[in-house]
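Novice: fold the following.
(one chain, ligands or ions: 1)
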Amino acid sequence: MSRHYDYLVIGSGIAGLTFALKAAENGRVALLTKKNRADSNTNYAQGGIACVTSAEDSVDLHVRDTLEAGAGLCNEKVVRQIVEEGPARIKELIALGMSFSERENHGGELDLGKEGGHSKRRILHAKDVTGREIERALLAAVAANKRIEVMENHVAIDLITRRKLGLPGPNACLGVYALNTQSREMDTFAADHILLATGGCGKIYRYTTNPDIATGDGVAIAYRAGVPIANMEFIQFHPTCLFHPLGKSFLISEAVRGEGGILVNEAGKSFMDGVHPLKSLAPRDIVARAIDAEMKRTGAPCVYVDITAKSVEFLKQRFPAIYAMCLSCGIDMAKQPIPVVPAAHYQCGGVVTDVDGRTALPGLWAVGEVACTGLHGANRLASNSLLEALVVAHRAAHASRAETKVPEKIKLPEWQAGSASDADELVVIHHNWREIRQLMWDYVGIVRTNKRLQRARKRLDLLHVEIQDFYWNYRVTADLIELRNLALAASLVVDAALARKESRGLHYNLDYPNTDDSKPPQDTILQAAS
Ligand SMILES: Cc1cc2nc3c(=O)[nH]c(=O)nc-3n(C[C@H](O)[C@H](O)[C@H](O)COP(=O)(O)OP(=O)(O)OC[C@H]3O[C@@H](n4cnc5c(N)ncnc54)[C@H](O)[C@@H]3O)c2cc1C
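Specialist: Reported below is the predicted structural model:
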């Protein structure tokens with residue numbers, strides 16, 4: 001049976017939760033999330049939220065830093081709107097119960113961290129567990145809101161659109177099919193406004209800082225519905241992920257370098273000095289490529305962040321989670337350098353939206369890492385993503401309110417399971433999953449070439465055929481849904497990378513090592529024929 005809501009939100013990270021709270025002022029909200037409600041990239045964010053709050057800082061400086069990192073592809077108007085509206089959204093977050101770290105003995109003044117590419121201290125943080133604290137505060141507010149119904153263990157599969165139903169008139173988004181992974185039933189949801197807040201696609205790479213939920217579902221769902229997707233070639237690799245068998249891709253936040261940590265090689269020699277004026281705090285793409293080059297040059301499996309100049313008391317107080325994690329791996333960061341490698345971290349591109357989160361498909365909105373507003377351009381400035389999610393979720397809730405439509409009385413068809421039976425070849429799903437992640441790491445990583453990209457393209461084409469065969473012939477499971485999305489998101493990254501005949505920001509191709517300044521920079525737009 002199909003259920004109707006005013007708003008359907010898919011995803012329970014900062015974008016989905018913020019939007020749900022604001023949309024609930026105007027109607028009933030259903031919030032679907034594919035695992036437990038706190039399972040999100042948001043929950044893992046360490047460094048903090050970039051926001052202009054100090055008298056020594058200014059909107060102009062934050063805008064300038066963002067544009068510089070974005071390597072010519074940011075939409076300056078969008079950047080300015082998001083940066084300008086940040087302080088108001090931060091105040092609301094604090095009013096909701098979010099607690100940011102304060103400077104000691106400064107009468108409640110917020111402590112400001114510094115991260116790569118920022119010319120000023122402007123990162124609001126809750127020690128080194130900012131995301132966990134944001135998620136806690138937002139989830140508590142959502143739980144107290146009677147107009148929001150949270151449905152865990154619901155994996156959104158595909159959008160239901162007028163075009164898919166063969167209805168006349170302009171296309172619009174009417175609903176979503178979702179798998180309830182506990183009952184194993186398919187549910188049909190109808191809503192006036194549907195928000196994709198499904199986060200990014202870090203799991204397409206073998207090494208990533210992202211948790212398991214980051215399988216590119218939202219981008220794949222939107223692409224299949226014919227919605228334009230932009231700039232997927234720009235995948236940010238975080239330069240410093242803990243290199244240890246027990247480390248589970250744990251992030252060594254940029255804030256560690258912000259507090260004086262220096263990148264060194266096995267011999268203890270700093271290798272960033274001649275690379276960039278900001279040295280170890282250069283923008284992430286430059287640091288990641290320098291680490292990649294240093295590892296290739298020395299043959300070492302990792303490099304190190306050395307913050308032994310700081311006292312153990314400072315490190316325990318400023319980085320409690322990182323300190324504890326390192327110690328559990330036998331690394332005392334106060335006494336020895338921390339071994340690190342780069343890992344896939346953030347999807348700068350995504351579903352094309354305006355600064356209100358509006359997509360090209362009426363009724364469909366997208367906010368957060370799944371979306372591409374034009375803020376990040378070819379490279380995200382550190383800690384701008386939480387800011388973007390907060391500001392755009394607010395704007396989307398307001399914009400959608402103005403567009404409230406009379407619900408159309410269209411009875412949505414139920415999901416057709418056909419003659420599907422349980423898949424007994426689970427090994428195929430797991431093999432394909434591993435293969436995609438490995439080939440993306442080997443062929444579509446930090447440094448790319450045309451030949452490697454084409455090789456990846458060929459392998460992905462074969463995998464698509466196999467996955468589609470599985471998808472149509474077996475009972476759909478969460479693993480299969482994710483695999484299908486993972487393969488599509490990986491293909492979008494490869495196609496976008498092949499389309500860009502230059503190196504820019506995070507996209508570095510040895511066959512076109514230079515930025516093409518002969519014409520204005522262009523977004524890479526991919527859209528399925530519909
Ligand atoms: C280790 C780490 C550290 C980071 N540090 C920072 C930082 O310091 N500052 C900063 O600005 N950014 C940071 N980031 C990036 C930032 O955390 C994310 O970009 C941001 O949290 C994304 O929020 P979101 O709401 O868009 O998505 P997420 O928080 O990822 O939430 C996505 C939600 O969608 C759900 N979902 C996905 N697919 C489906 C589906 N098919 N059906 C139903 N539900 C679905 C997920 O379960 C999840 O609830 C960090 C990221 C990581 C991984």
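
Novice: and Arg484, what is it in contact with?
Specialist: Ala220, Ile467, Gln468, Tyr471 (Cβ atoms under 8 Å, 6 or more residues apart in numbering). Every C-beta, even on glycine, is put in place using the N, C-alpha and C of the backbone.

Novice: what about the helices in the stretch 1-150 of the chain?
Specialist: Applying DSSP state H, counting those that start in this stretch to the stretch 1-150 of the chain gives helices spanning 14-23, 59-69, 76-96, 130-143.

Novice: deepest of the ones you listed, which one?
Specialist: helix 14-23 (a mean of 29; mean count of other Cβ atoms under 10 Å).

Novice: packing partners for it?
Specialist: Helices and strands touching helix 14-23, by 3 or more Cβ pairs under 8 Å, 6 or more residues apart in numbering; DSSP states H and E, are strand 2-10, strand 29-32, helix 130-143, strand 185-196, helix 384-402.

Novice: around the ligand, which positions in the stretch 201-350 of the chain sit nearby?
Specialist: Proximity of the stretch 201-350 of the chain to the ligand (Cβ under 6 Å from any ligand atom) is limited to residues Thr209, Asn210, Ile213, Asp217, Leu251, Tyr346.

Novice: would you mind splitting the protein into its domains for me?
Specialist: For the chain, automatic domain parsing gives the domain ranges 2-233+348-400, 240-342, 427-526.

Novice: what mean pLDDT does the second one have?
Specialist: Pointing back at domain 240-342 there. Domain 240-342 comes out with an average pLDDT of 92.

Novice: distance from the chain centre to it, please.
Specialist: 22 Å (Cα atoms, centre = their mean, to the nearest Å).

Novice: the longest one now?
Specialist: On the basis of Cα atoms, centre = their mean, domain 2-233+348-400 sits 9 Å off its chain's mean C-alpha point.

Novice: of all the helices of the stretch 1-150 of the chain, which one is nearest the ligand?
Specialist: Closest approach to the ligand among the helices of the stretch 1-150 of the chain (Cβ to the nearest ligand atom): helix 14-23, 3.4 Å.

Novice: next, see if that closest one gets close to the ligand.
Specialist: Yes: judged by Cβ under 6 Å from any ligand atom, helix 14-23 and the ligand are in contact via Ile14, Ala15, Gly16.

Novice: by average pLDDT, which secondary structure element in the protein comes out worst?
Specialist: helix 284-298 (a mean of 88; mean pLDDT, DSSP states H and E).

Novice: got a markdown table for the helices of the stretch 1-150 of the chain, with distance to Ala172 too?
Specialist: Shown next, in a markdown table, are the helices of the stretch 1-150 of the chain (distance: least, Cβ to Cβ, whole Å):
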| stretch | distance to Ala172 |
| --- | --- |
| helix 14-23 | 18 |
| helix 59-69 | 33 |
| helix 76-96 | 25 |
| helix 130-143 | 27 |
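
Novice: take those helices and write them to CSV, including mean pLDDT and distance to Thr524.
Specialist: Converted to CSV, those look like this (pLDDT from 0 to 100; distance: least, Cβ to Cβ, whole Å):
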stretch, mean pLDDT, distance to Thr524
helix 14-23, 98, 23
helix 59-69, 97, 18
helix 76-96, 98, 17
helix 130-143, 98, 29
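
Novice: pLDDT value on the residue of the stretch 251-400 of the chain at minimum distance from the ligand, please?
Specialist: As assessed by Cβ to the nearest ligand atom, the ligand sits closest to Gly368 within the stretch 251-400 of the chain, at 2.2 Å. Looking at Gly368, its pLDDT reads 98.

Novice: is it in contact with Ile10, as I believe?
Specialist: No: counting by Cβ atoms under 8 Å, Gly368 sits too far from Ile10 to count as a contact (10.8 Å).

Novice: who touches both of those two?
Specialist: Gly16, Ala197, Thr198.

Novice: which residues touch the longest helix seen in the chain?
Specialist: If you go by DSSP state H, the chain has its longest helix at helix 450-473. Residues from elsewhere that reach helix 450-473 (Cβ under 8 Å, 6+ apart): 418, 420, 423, 425, 428-429, 432, 435-436, 439-440, 442-444, 480, 483-484, 487-488, 490-491, 494-495, 497-498, 509, 511.
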